[in-house]
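Engineer: Just to be clear, the model below is a prediction. Sequence and coordinates:
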Amino acid sequence: MERTKNDKPAIAVDLDDVVFPCAEGLVAAYNEHYGTNFRPNMPQSTWDVPQEEVQERFNGLQLGTTPGIVKPGWFEEMQVPDVETIEALRRLAAKYRLYAVSARHYGLADVTKQSIEKYLPGVFEQVILTQRPVETEDGIKIMTDSKTEIYRQHNMEIAIDDSPHHLERGLEGDDAPLGLAILFGERPWHPGATIDDPRAIECRTWVEAEEAIARYFAR
């Protein structure tokens, strides 16, 4: 019997450096603005300021709020998936329910959705950014849901991500939501990264990822 749309298995797909190339361009923008010469494969702990400030600087560059930014709008121009990514996600969306799940800053929600609507219309059931502003009695606070919580809420059995951290958390415990964690891409910013779990697999290309997903659901 053919599955209905709601019966299709759900898969989480990370955005940065899975759907959209980001790391190389982001580090290049950082170097241009701050006069540094860092590379994506250099641990941020070795950079010129603490890691928390590096992230704040990245956020400012992406959001266009950094004073004196050399090229406003540069981040929007980077949000172009390659042809292989577009075609693979379209094929997967015909068989599964895909959710874009990203830890991007909540201020990037609009540009993220616009880029997805432009290049991948109808591919994702929903775009979920784990950081979100919430109004409380004390004012606006930023809440952060873990990707593991998102996987569980939407019954996602598979996640595709370039970050070992998020995938490892989704595999932890007896009630782990993930049955398959795909560590995706070349990932020069995570050199030598692996996950010591039989449910995790490295896939450098979309062809490898599609084959791994097909094997998982053919069990």
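Structural biologist: Okay, I see it.
Engineer: lowest-pLDDT helix or strand in this structure?
Structural biologist: strand 139-144 (a mean of 63; mean pLDDT, DSSP states H and E).
Engineer: Now the element after it, going C-ward?
Structural biologist: helix 147-153 (DSSP states H and E).
Engineer: name the helices or strands packed onto that following helix?
Structural biologist: Judged by 3 or more C-beta pairs under 8 Å, 6 or more residues apart in numbering; DSSP states H and E, helix 147-153 is in contact with strand 10-13, strand 97-102, strand 156-161, helix 164-170. C-beta here means a position set from N, CA and C on the backbone, and glycine is covered the same way.
Engineer: want to try TSV for the ones you listed, with mean neighbour count, mean pLDDT and distance to Arg215 as columns?
Structural biologist: TSV is the format used below for these (neighbours: other C-beta atoms under 10 Å; pLDDT from 0 to 100; distance: least, C-beta to C-beta, whole Å):
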stretch	mean neighbour count	mean pLDDT	distance to Arg215
strand 10-13	24	98	14
strand 97-102	23	97	18
strand 156-161	25	97	11
helix 164-170	21	93	18
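Engineer: Mind putting these into TSV with distance to Asn59?
Structural biologist: Below are those laid out as TSV (distance: least, C-beta to C-beta, whole Å):
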stretch	distance to Asn59
strand 10-13	22
strand 97-102	14
strand 156-161	20
helix 164-170	18
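Engineer: for this protein, what are the low-confidence residue spans?
Structural biologist: Scanning the chain for pLDDT under 70 picks out 1-6, 70-72, 133-144.
Engineer: Just tell me which of the helices and strands packed on helix 147-153 ends up closest to Leu183.
Structural biologist: Proximity to Leu183 (C-beta to C-beta) singles out helix 164-170 among the helices and strands packed on helix 147-153, at 6.1 Å.
Engineer: In the chain, what residue spans correspond to strands?
Structural biologist: 10-13, 97-102, 124-129, 131-136, 139-144, 156-161, 180-184, 200-203 (DSSP state E).
Engineer: Contacts for the third one, please.
Structural biologist: Counting by C-beta atoms under 8 Å, 6 or more residues apart in numbering, the neighbours of strand 124-129 from elsewhere in the structure are 10, 13, 93, 97-106, 108-109, 112-113, 116, 150.
Engineer: Now with 10 Å, please.
Structural biologist: 5, 8, 10-13, 15, 19, 89, 93, 96-109, 112-113, 115-117, 144-145, 147, 150, 153-154 (C-beta atoms under 10 Å, 6 or more residues apart in numbering).
Engineer: That one pairs with which strands?
Structural biologist: Counting by DSSP bridges, the strands paired with strand 124-129 are strand 97-102 (parallel).
Engineer: pull the CA atoms of the strand it pairs with into PDB?
Structural biologist: The C-alpha trace of strand 97-102 is given here as PDB (Å, rounded to 0.1, in the frame of the first residue of the first chain):
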ATOM      1  CA  ARG A  97       8.600  14.400   5.000                       C
ATOM      2  CA  LEU A  98      11.600  16.700   5.200                       C
ATOM      3  CA  TYR A  99      12.000  19.300   7.900                       C
ATOM      4  CA  ALA A 100      14.700  22.000   7.800                       C
ATOM      5  CA  VAL A 101      16.100  22.100  11.400                       C
ATOM      6  CA  SER A 102      18.700  24.700  12.100                       C
END
